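Undergrad: with the input below, show me the fold.
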Amino acid sequence: MNDLAAAAILGLVQGLTEFLPVSSTAHLILATQLFGLDPIRFGLAFDVALHLGTALAVLLYFRSIWLGLLRDLLAGRWQVPAFIGLGTIPAAAAGAAFQSAVERELRGAIPIALGLILGSIAILIAERVATRSREGLHRTTLRDALVMGVAQALALMPGVSRSGITISAGLAQGLARADAARLSFLLATPIILGAGAKTLLDARKAADLLGRADVAAVGFAVSLVSGLATVALLMRFLRTRSLVWFVPYRMILAASVLLGTFGIAR
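TA: Below you'll find the model as predicted:
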């Protein structure tokens, strides 16, 4: 498989799984192993291009909300923007403290399967206790943002799923499903952009990424287009259906990983 085809496949995997509650990190690791791709050439630096693609997708999809938040700030209505800013702190702090250790120690089969199972349990519990009694971002509280922010920090573990764990946390707080999803993606966007910016500021990783600009561009473009389509479909899906629909897939994937289907069991 040539590099451009591999970049397109990984871009599609990222775009489809970043917003679905199935863990994009786990799928990227598994896809890299499954297709026998060079983990250096398609490693963490290439991941930046993919994540920036999906970050742009969520910015575009929620552009009216972001513009509304900007208008709120300019008008002195700081409550929701401040909550979102404060809600990103736990994940940012966790990433700064533990990202290197996670990348080094938790990218194998057992941690991925464990993350998929634990994330599935969180989804089941959240949907069980959800009241969905509060609708609208204007009804978001600081507690909602902080609880979802702490949950987002747990998504450092491959398999957990950033969207799955944060939407579940929102549901457990009583938010309507669609609003929990919106807040989840709003909290994720600064973290994704910040992680990408940090890597690009690293001279070695930036050189690695820009050394194959065509490969990075293909991954970015495919993740952007597929991510935009996926977030639109998920938001429509969550209006009438629950996250529980994704649990069987997560559990089957976890079992497949543990059985060595992808050839990475240790």
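Undergrad: helices or strands up against the strand or helix carrying A97?
TA: In this assignment (DSSP states H and E), A97 forms part of helix 89-105. Counting contacts by 3 or more Cβ pairs under 8 Å, 6 or more residues apart in numbering; DSSP states H and E, helix 89-105 packs against helix 142-154, helix 177-201. All C-beta atoms are positioned from the backbone trio N, CA, C, and that covers glycine.
Undergrad: turn these into a markdown table, columns for mean pLDDT, distance to W78 and mean neighbour count.
TA: Below are the helices and strands packed on helix 89-105 laid out as a markdown table (pLDDT from 0 to 100; distance: least, Cβ to Cβ, whole Å; neighbours: other Cβ atoms under 10 Å):
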| stretch | mean pLDDT | distance to W78 | mean neighbour count |
| --- | --- | --- | --- |
| helix 142-154 | 95 | 12 | 21 |
| helix 177-201 | 86 | 15 | 21 |
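Undergrad: would you mind measuring from the closest residue to S133 other than its chain neighbours to A126?
TA: The shortest distance from S133 to any non-neighbouring residue, by Cβ to Cβ, 6 or more residues apart in numbering, is to G174 (5.1 Å). In this view, G174 and A126 are 11 Å apart by Cβ to Cβ, to the nearest Å.
Undergrad: look at these two and report which has more neighbours.
TA: A126 (24 against 16; other Cβ atoms under 10 Å).
Undergrad: Q173 is in contact with the more buried one, correct?
TA: No: using Cβ atoms under 8 Å, A126 makes no contact with Q173, being 9.3 Å away.
Undergrad: for the record, mean pLDDT for the helix holding A97?
TA: Average pLDDT, helix 89-105: 88.
Undergrad: now do I192 against A57, distance only.
TA: 10 Å.
Undergrad: G11 now?
TA: In terms of Cβ to Cβ, G11 sits 11 Å off from A57.
Undergrad: need the overlap of contacts for those two.
TA: Common contacts of G11 and A57, defined by Cβ atoms under 8 Å, 6 or more residues apart in numbering, comprise S223.
Undergrad: about what we covered before: what mean pLDDT does the helix or strand that the helix holding A97 is followed by get?
TA: Following helix 89-105 in sequence order, the next helix or strand is helix 109-129 (DSSP H and E). In this model, helix 109-129 carries a mean pLDDT of 95.
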